[in-house]
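Undergrad: Structural data only, the sequence is not supplied:
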Ligand SMILES: Cc1ncc(COP(=O)(O)OP(=O)(O)O)c(N)n1
Ligand SMILES: Cc1nc(C(=O)O)sc1CCOP(=O)(O)O
Ligand SMILES: [Mg+2]
C-alpha cells in the first residue's frame, strides 16, 4: 500500500546554507518518519545536484527515511530515490509518471482543486498545496491560500495533501484541521538555530491530538464524520498513507 510521511523537509541550497548538515540533524530526530526532498536552485548544475542527492539518499537509507527529488527526475532515477515532485513548469504529471514508473512516489503542486484533481487523474500520489502562508524562501509565488485554500484542494482529492509555504509548528493545527495530511518545510528547519529541535517541534505539532470540535464538547455525541471531511480524512491517513 502507498505510504508517505507527514513531515517533508526540502533541502535549502541557497548560498551560505548547509543542506546536508540540516538533513542529518533532522534525520537524527525524525528517522524513518521524515521525507527529504532534494531541491536545488535552478542555476545549480546537474553534477552538483546529483552529488547532494546521493549524499542525502545515503543518509535517508541509513535510517529508513524516504528521499524524493524535486524537478530533476533523471536524478531521482539515477540515485534510486523513492520518487519525485513536479510543478507547473516541470514535466507534466502524466509524463513524470511515465518516467518514474507505476510504483514510484510522485508529488505534484496544486494551488486549486481543479489542478489538484487533474494531477491525481494523471498519476500524482500526493499533492503539495500552497503557498499556505507568506514565505521568503522562494520568489514569485502567488498570494497565500491559507488553510481555507488547503481545505478546498483537500476536499477535492483522494490523496494526501502536503501543505507548504511558511509552515511553522503553530500553524500546523489549522492546516491539519483543513484536511492536510502533512507539511513540507524549508525555513522552519534550515533557518532554525537548532534544526534538530525545530524538527522535533514540527513532529510534535503533527502528531498532537486535534482539539475537540465544538460538537464533541456537549453531552451528546456528534454525527459520524462524512467522507471528505477533515476528520474522516485524517482517519484514512492514519490507516493507509
Ligand atoms: C511538497 C512540495 N510542494 C510544492 C512544491 C513546489 O514545486 P514547484 O511548484 O515545482 O516549484 P519548485 O519547488 O520546483 O520551485 C515542492 N517542491 N514540494
Ligand atoms: C519550494 C516552495 N514551493 C512553494 C509553493 O507554494 O509552491 S513554497 C516553497 C518554499 C517553502 O519554504 P518555507 O517552508 O521556508 O516557507
Ligand atoms: Mg518544480
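TA: Sure, I can see it. From a predicted model like this one, the values you see are computed outputs, not experimental measurements. Numbers count the residues shown, from 1 in each chain. Ligands and ions are numbered 1, 2, ... in the order given.

Undergrad: need the residues of the protein near ligand 1, please.
TA: By the rule C-beta under 6 Å from any ligand atom, the part of the chain lying against ligand 1 is 8, 10, 37, 39, 70-71, 85-88, 90, 107, 109, 128, 162, 164, 184. C-beta coordinates here come from the backbone N, C-alpha and C atoms, glycine included.

Undergrad: residue ranges for the helices of this structure, please.
TA: For the chain, the helices defined by DSSP state H occupy 19-30, 46-63, 73-79, 93-100, 113-121, 146-154, 172-177, 187-190, 195-207, 230-240.

Undergrad: roughly how far apart are the closest residue to ligand 3 within the chain and residue 125?
TA: For the chain and ligand 3, the shortest gap (C-beta to the ion) falls at residue 87, measuring 3.7 Å. As judged by C-beta to C-beta, to the nearest Å, residue 87 and residue 125 stand 15 Å apart.

Undergrad: circling back to that earlier point, could you flag which of the residues of the chain next to ligand 1 are buried?
TA: 8, 10, 37, 39, 70-71, 85-87, 90, 107, 109, 128, 162, 164, 184 (16 or more other C-beta atoms under 10 Å).

Undergrad: quick one on the thing from earlier: OK, contacts around the closest residue to the residue of the chain closest to ligand 3 other than its chain neighbours?
TA: Residue nearest to residue 87 in three dimensions, not counting chain neighbours: residue 109, with 3.7 Å by C-beta to C-beta, 6 or more residues apart in numbering. Residues near residue 109 by C-beta atoms under 8 Å, 6 or more residues apart in numbering: 85, 86, 87, 88, 127, 128, 129, 130.
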